[in-house]
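Enquirer: structural data only, the sequence is not supplied:
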């Protein structure tokens, strides 16, 4: 079945560590997105990529980095510069831009700083 | 800029009650409008969508009509079930950057 897979489901990070969240899709979608979800704040866009080898900052990119070396993969690194990384992270993809097409979401990764 | 405003929650209803979750938007041009649902601990799923004015999206008993004159896309269901308990997000797709713009989400709890 086609879909979008995030791993791990739960992730614990020590202070000062970088961690990488995985996002893989087999939907042949061009566009991929990373969102952060905090209680009461809805979805906030971190980074997005409309095509391989290209990506743009979203609204809260500071302290995060991404790469898009393959169409199927869009990993997110949470760096030590991100001061409050504890949150639920969601990856999504769309066939092209999100103008009128459905966004497919992964099941999310819950990141906790310990 | 483009924006979405949806009613704050939480909303608590008894089973079989009527549901309305309000959503209004601001956008240039002709956006597409979406409702997504998020069940506890999961990602979001598309519930319904409408791509032009006066379109009605419907799915699983939920409906929403794209009203350009009132810039609204309110979600309704005639008789909610306990299994409808979730967070509902209104979103619009618009603009040259082709991103989705999200509302803050409305939490719905349905009691038996």
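Expert: Okay, I see it. No experiment lies behind these values; they were computed from the predicted model shown. Numbers count the residues shown, from 1 in each chain, chains lettered A, B, ... in the order given.
Enquirer: can you map out the strands along chain B?
Expert: Under the criterion DSSP state E, chain B contains strands at B:3-6, B:11-14, B:19-21, B:23-26, B:32-38, B:44-50, B:56-59, B:62-65, B:75-77, B:86-94, B:99-102, B:106-111.
Enquirer: as a markdown table, those with distance to chain A, mean pLDDT and mean neighbour count would be great.
Expert: C-beta coordinates here come from the backbone N, C-alpha and C atoms, glycine included. A markdown table is the format used below for these (distance: least, CB to the nearest CB, whole Å; pLDDT from 0 to 100; neighbours: other CB atoms under 10 Å in any protein chain shown):
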| stretch | distance to chain A | mean pLDDT | mean neighbour count |
| --- | --- | --- | --- |
| strand B:3-6 | 9 | 94 | 18 |
| strand B:11-14 | 14 | 97 | 14 |
| strand B:19-21 | 14 | 97 | 17 |
| strand B:23-26 | 12 | 96 | 19 |
| strand B:32-38 | 4 | 95 | 25 |
| strand B:44-50 | 5 | 95 | 20 |
| strand B:56-59 | 11 | 97 | 14 |
| strand B:62-65 | 15 | 98 | 20 |
| strand B:75-77 | 15 | 98 | 20 |
| strand B:86-94 | 5 | 91 | 25 |
| strand B:99-102 | 4 | 85 | 24 |
| strand B:106-111 | 9 | 96 | 17 |
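Enquirer: partners of the residue nearest the centre of chain A in the sheet?
Expert: Central residue of chain A (CA atoms, centre = their mean): residue A:34, 2.8 Å from the mean position. Beta-bridge pairing of residue A:34 under DSSP bridges involves residue A:47, residue A:91.
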